[in-house]
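**Student:** mind folding the following:
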Amino acid sequence: RGVWSAPLLPGKYAFNTYAGKILMVPTTNFILKWESDTIGQHKFDENLSEVSLITRDAFEPTLPLSVVVHIDYRKAPLVVQRFGDIKKLVEQTLDPMVSAYFKNIAQKKTLIELLQERSDIQQQAGEEMRAKFSAYNLEMQEVLIGTPRASDGNQQIEKVLQQLRERQVAEERVTTYEKQRIAAEGEKALREAEARANQQTAITQSELSIIVRENEGKAALRQATQQAEQTRTLAKAESERVRILGEGEAARMIALAAADAERITKTGLATAETIARQAEASGGAHNQLTRQIVERLAEALEKSGVDIVPRIQISTGGDNPAAGGPLAALIGMMLGEKGKDMLAAEAPSEPAQTH
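**Tutor:** Model prediction:
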């Protein structure tokens, strides 16, 4: 009749073993372990071993796995009908599928990434393999990844792990040194704060002294600026005063010169007019000349004390002895043309007009 569609639940039944065969299917969760030295209770994984991997950086570790599987009792007849029994299902289907999946994962990861990203790989594998198991009427509950191991006699993975350990130790040392540096800086800041607190009075006084000096410098600068501005203003005012005084003095000198020239002009005109009137009053220039000659001659004779009439007179002859005397000659000469020239030379000339 084939596989029954309705399985027998756990319990005791009267069954003719000659008419049929009973296959035990676990309806509770069971674990399949891909480890050569570990066998589960149902012995479905006695022929399973660690998955051999090749990483992207050419390491060849082996990966131990554990998969938790559950078979719904209602789907047990389908599983038996399809695979015959559970052990064949594990060895012929689940083992190749799981091994191939993790081999593909390892080819995309380095050994370091495979070690450090184990949790992410495990979560990703659980999500992706759950759908694959459901295609075989199985329920995959959990996939657990162990630590990659090296094959017998191969120490490369151990060296890498040792390097990782040393790197971790170095990082821890760096962290420790950084913490120590921060602690030292904190202690330094504390010491500086304590020293500053002890010297706070002196620091405050020095800061106030600096501020006072700055204010004094600003005040001195402002005062110097004001003095310079005052000096420039006074110099400008003095220059303006000197210019105005110079212009006034020049105007005064011009006015004085013009007045003096006018005075001289008027004095000369008046003198000339007086002389002209005197000449007209004395009967003309000839009479005036005669009068001046006589006045000067008399003045000269008075000063010299010479006798007008000589005590001894020598005559050369003639009817009029006095006619040929020196006095008569002198008077005659002075009344002549030379006397006129002398009078003209001594007379004040008309002053030049000053403009």
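**Student:** counting neighbours, what do you get for residue 71?
**Tutor:** Neighbours of residue 71 under the rule other C-beta atoms under 10 Å: 22. For the C-beta atoms, the positions are set from N, CA and C on the backbone; glycine is no exception.
**Student:** for this structure, give me the ranges with low pLDDT.
**Tutor:** Scanning the chain for pLDDT under 70 picks out the ranges 1, 152-154, 278-279, 281-289, 305-355.
**Student:** all strands of the protein, in order?
**Tutor:** Taking DSSP state E as the criterion, the chain contains strands spanning 30-34, 51-52, 62-63, 65-70, 139-145.
**Student:** now those in TSV, with distance to residue 198?
**Tutor:** Formatted as TSV, the strands of the chain follow (distance: least, C-beta to C-beta, whole Å):
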stretch	distance to residue 198
strand 30-34	71
strand 51-52	70
strand 62-63	66
strand 65-70	67
strand 139-145	62
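**Student:** how far away is residue 23 from residue 4?
**Tutor:** Residue 23 sits 10 Å away from residue 4, taking C-beta to C-beta, to the nearest Å as the criterion.
**Student:** list residues touching both of those two?
**Tutor:** Listed contacts common to residue 23 and residue 4 are nil; contacts here mean C-beta atoms under 8 Å, 6 or more residues apart in numbering.
**Student:** and residue 190, how far is that from residue 197?
**Tutor:** 11 Å.
**Student:** what sits against the residue nearest the centre of the chain?
**Tutor:** By C-alpha atoms, centre = their mean, the chain has its centre lying nearest to residue 214, at 24.8 Å. Residues near residue 214 by C-beta under 8 Å, 6+ apart: none.
**Student:** when you give positions from now on, start the count at 9
**Tutor:** That works, and once the first residue is 9, the last one we named lands at residue 222.
**Student:** give me the beta-bridge partners of residue 75?
**Tutor:** residue 40, residue 151 (DSSP bridges).
**Student:** contact partners for it?
**Tutor:** 39, 40, 42, 102, 106, 137, 148, 150, 151, 152.
**Student:** filter the residues you listed down to the buried ones.
**Tutor:** Listed as buried from the contacts of residue 75 are 39, 40, 42, 102, 106, 137, 148, 151; burial here means 16 or more other C-beta atoms under 10 Å.
**Student:** now do the contacts for the second one.
**Tutor:** Residue 40 sits next to 48, 52, 53, 56, 74, 75, 77, 98, 102 when contact means C-beta under 8 Å, 6+ apart.
**Student:** 7 Å - rerun?
**Tutor:** Neighbouring residues of residue 40 by C-beta atoms under 7 Å, 6 or more residues apart in numbering: 48, 52, 53, 56, 75, 77, 98, 102.
**Student:** pull the number of nearby residues for the third one.
**Tutor:** Put plainly, it is residue 53. Neighbours around residue 53, by other C-beta under 10 Å: 23.
**Student:** same question, the one 4 residues further on
**Tutor:** Around residue 57 there are 16 other residues, counting by other C-beta under 10 Å.
**Student:** just list the residues touching it, thanks.
**Tutor:** 42, 44.
**Student:** if I look at it, how far off is residue 71?
**Tutor:** For residue 57 relative to residue 71 (C-beta to C-beta), the value is 11 Å.
**Student:** and residue 151, by the same measure?
**Tutor:** For residue 151 relative to residue 71 (C-beta to C-beta), the value is 11 Å.
**Student:** got it, and residue 182?
**Tutor:** From residue 182 to residue 71 the distance is 32 Å (C-beta to C-beta).
**Student:** ok, residue 280 next?
**Tutor:** Counting by C-beta to C-beta, the gap from residue 280 to residue 71 is 153 Å.
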